[in-house]
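*Asks:* how does the following fold in three dimensions:
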Amino acid sequence: MVKTIAVLGGGYAGLRVVKCLTHKKVDARIILINKNKYHYESTQLHEVAVGNKEPSDISFDIRAALPDSVDLIVDAVTSIDRENHRVMLQESDPVEYDYLVNALGFESESFGIKGVAEHSLSFNDIDSALAVRAHIERTLARYATSHDQNDLHILVCGAGFTGIELLGELIERIPEWTRQYSLPEGGITVDCIEAGKKILPMLPENLSSWAVKYLTDHGIKIHSGTPITEVRAGSVLSNDTEFPGNIIIWTTGVQGSHVICDSGYSQKRNRVVVENDLRVKDHPDEFLIGDVAAVPDPDSGRFYPTTAQIAVAQADCAASNLAALLDGRPTSDFHFSSVGTVCSLGPGSGVAAIDELGHWKFKGHKVGLLKRIVNDRSVLELAHVKEMLASR
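*Replies:* Numbering: from 1, shown residues only. Predicted structure coming up:
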C-alpha cells in the first residue's frame with residue numbers, strides 16, 4: 001500500500017521538503033498543509049512592515065509552484081493526534097498519515113514581559129506586517145491634529161537580526177513619511193532597546209561595529225545592555241528608565257508554533273529536541289524541522305539557530321531520510337555548514353560574511369545586490385524561475 005507523507009507548513013522548510021521528495025520520485029502520496037494559499041519570504045517581512053515592499057513582492061502562489069502529484073490543503077493545523085497518526089485541521093476533516101514532517105514555523109515570543117501583547121505590535125506573517133505598517137502610518141498622520149511628539153517616536157524592541165534589518169528599512173522610509181505627512185524635518189525618531197551588550201554577535205567584530213555606526217550615523221539610537229522590563233501604552237520600560245513612544249514594534253524573539261504545545265510534545269518555547277537524523281525520539285515516523293525543532297550541533301553541543309538557511313538544509317536531510325525509510329535503508333545524521341550571513345541595512349546597504357569559496361567580508365552598497373541574489377536564490381530553490389521574476 002502506498003504510504004502517505006503529510007508535510008505541515010509551506011515555509012522555507014516545508015516547501016523544500018516537498019520539492020526534494022518529488023525530485024527523488026518517492027513512491028508515496030505527498031500532502032502539503034498550509035494555512036495560506038501562498039508562500040511568503042519571512043526574511044523580508046520587515047520590508048513590508050515599513051512599506052518598502054508590497055506583499056506581492058515577497059510571495060507566490062503555492063499551488064502554481066507544486067507538481068500536480070502533490071495534494072495541497074489550505075487550512076490551519078490545530079493539533080496533531082500523534083498516537084493515531086492524524087493531523088487535526090480548523091475547517092477540514094483530519095488528515096491521516098504514515099510519515100509526518102512538521103515544519104510549522106514561528107510565532108512571536110514575549111518572554112513573559114508584562115504588556116507586550118497589549119501594547120506592542122510584532123510581525124510573523126503578511127497580515128501582521130501590514131498591521132504594523134498601518135499603525136505606523138496612522139500614528140504619524142495623527143500628529144497633524146494631536147501635536148503629540150510621542151506620535152513621532154518609534155520604539156523597536158530588540159536588536160536581533162530582524163530588529164537590525166528593520167532599523168535599516170526605517171532609515172530608508174522616514175524621509176518619505178516626513179514628506180507624505182508634512183512632518184517637521186528630523187521629527188521622527190527611532191530608539192532600539194536591546195538587552196544584549198553586543199549587536200549582531202554572529203558577525204565578525206569589524207562588520208557588526210560598522211553596522212552599528214551606520215545606523216547611529218543615520219539617527220538611530222541603540223540602547224544595548226538595556227533589558228525591557230515592561231511595555232506600557234505609549235512607553236517601554238527598562239527598570240527605572242522609560243522610553244516614550246506611540247509606535248512600539250516588538251522584534252525581541254520568536255518561538256515555535258503553538259501547535260507543538262497543543263499536541264503534547266515535550267518542548268521548550270514550542271521547540272522539540274530531535275534526534276541526529278531529525279526524527280522525534282520514540283516516534284520514528286515524525287520529522288521536525290525549522291522553527292519547531294531544536295537540533296543539536298554535534299561539534300559545539302549547542303542548538304543550531306533557527307534561520308532560513310539552516311531550515312532548508314534540514315529539509316534536504318529530512319527528505320533524504322524519508323526516501324531512505326521508504327526504501328528500507330538507514331537514515332543519515334544532519335550536518336550543517338554555513339555559507340555565511342547577510343544582513344541588510346535597507347535596500348542600499350548592509351554587511352555580509354560569506355564562507356563559500358573562501359572567507360569574504362562585505363559592507364556598504366554591495367550588500368544590497370548580494371541580498372537580492374540571496375532572496376532570488378531562495379525563491380528559485382522553492383519554486384520556479386517564473387515566481388522569482390514575478391517578485392522583482
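
*Asks:* buried sites along the particular helix or strand that has residue 177 in it?
*Replies:* Per DSSP states H and E: residue 177 is located in helix 161-180. Buried residues in helix 161-180, counted by 16 or more other C-beta atoms under 10 Å: 161-174, 177-178. C-beta: built from backbone N, CA, C; applies to glycine.

*Asks:* same check, this time on stretch 310-318
*Replies:* Neighbour-count burial for stretch 310-318 flags 310-318 (criterion: 16+ other C-beta under 10 Å).

*Asks:* what's the answer for stretch 179-193, then?
*Replies:* Under the neighbour-count criterion of 16+ other C-beta under 10 Å, stretch 179-193 has 181, 183, 187-193 buried.

*Asks:* related to what we said a few turns ago, let's see which of the buried residues of stretch 310-318 end up in helices.
*Replies:* Residues of those located in helices (DSSP state H): 310-318.

*Asks:* in those residues, find the pair that's most separated.
*Replies:* The largest separation in these, counting by C-beta to C-beta, is between 310 and 318 at 12.3 Å.

*Asks:* one step back: and the buried residues of stretch 310-318 as JSON lines, adding pLDDT?
*Replies:* Shown next, in JSON lines, are those (pLDDT from 0 to 100):
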{"residue": "310", "pLDDT": "92"}
{"residue": "311", "pLDDT": "93"}
{"residue": "312", "pLDDT": "92"}
{"residue": "313", "pLDDT": "94"}
{"residue": "314", "pLDDT": "96"}
{"residue": "315", "pLDDT": "96"}
{"residue": "316", "pLDDT": "95"}
{"residue": "317", "pLDDT": "97"}
{"residue": "318", "pLDDT": "98"}
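
*Asks:* just these now: which is nearest residue 197?
*Replies:* residue 310 (25.0 Å).

*Asks:* wait, the closest one touches residue 336, no?
*Replies:* Yes: using C-beta atoms under 8 Å, residue 310 is in contact with residue 336, at 5.9 Å.

*Asks:* and the buried residues of stretch 179-193, which two are furthest apart?
*Replies:* Checking the buried residues of stretch 179-193 with C-beta to C-beta, the most distant pair is 181 and 193, at 24.7 Å.

*Asks:* per-residue pLDDT, the closest residue to residue 317 other than its chain neighbours?
*Replies:* Leaving aside its chain neighbours, residue 317 sits nearest to residue 334 (4.5 Å; criterion: C-beta to C-beta, 6 or more residues apart in numbering). Turning to residue 334, the model gives it a pLDDT of 95.

*Asks:* residue 334 contacts residue 287, correct?
*Replies:* No: assessed by C-beta under 8 Å, residue 334 is found out of contact with residue 287, at 10.2 Å.

*Asks:* who's more crowded, these two?
*Replies:* Neighbours around residue 334 and residue 287, counted as other C-beta atoms under 10 Å, are more numerous at residue 287. The numbers are 31 against 25.

*Asks:* tell me which helix or strand the more buried one sits in.
*Replies:* Per DSSP H and E: strand 283-288 holds residue 287.

*Asks:* with residue 342 instead?
*Replies:* Counting by DSSP H and E, residue 342 is found in strand 340-344.

*Asks:* next structured bit after that strand?
*Replies:* strand 350-354.

*Asks:* list the helices and strands that next one packs on?
*Replies:* Applying 3 or more C-beta pairs under 8 Å, 6 or more residues apart in numbering; DSSP states H and E, one finds that strand 350-354 contacts helix 205-217, strand 340-344, strand 360-363, helix 366-382.

*Asks:* the second one pairs with which strands, and in what direction?
*Replies:* Take DSSP bridges as the rule and strand 340-344 pairs in its sheet with strand 350-354 (antiparallel).

*Asks:* just the third one next, same as before
*Replies:* Neighbouring strands of strand 360-363 in its sheet, by DSSP bridges, are strand 350-354 (antiparallel).

*Asks:* only C-alpha atoms, please: export the strand it pairs with in PDB.
*Replies:* What follows is strand 350-354, C-alpha atoms only, in PDB (Å, rounded to 0.1, in the frame of the first residue of the first chain):
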ATOM      1  CA  GLY A 350      24.400  46.100   4.700                       C
ATOM      2  CA  VAL A 351      27.100  43.800   6.000                       C
ATOM      3  CA  ALA A 352      27.900  40.200   5.000                       C
ATOM      4  CA  ALA A 353      30.300  37.500   5.800                       C
ATOM      5  CA  ILE A 354      30.400  34.800   3.100                       C
END
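
*Asks:* mind listing what the residue nearest to residue 317 touches?
*Replies:* By C-beta atoms under 8 Å, 6 or more residues apart in numbering, the residues touching residue 334 are 276-278, 295, 313-314, 317.

*Asks:* and residue 267, by the same measure?
*Replies:* Taking C-beta under 8 Å, 6+ apart, one finds 256, 260-261 in contact with residue 267.
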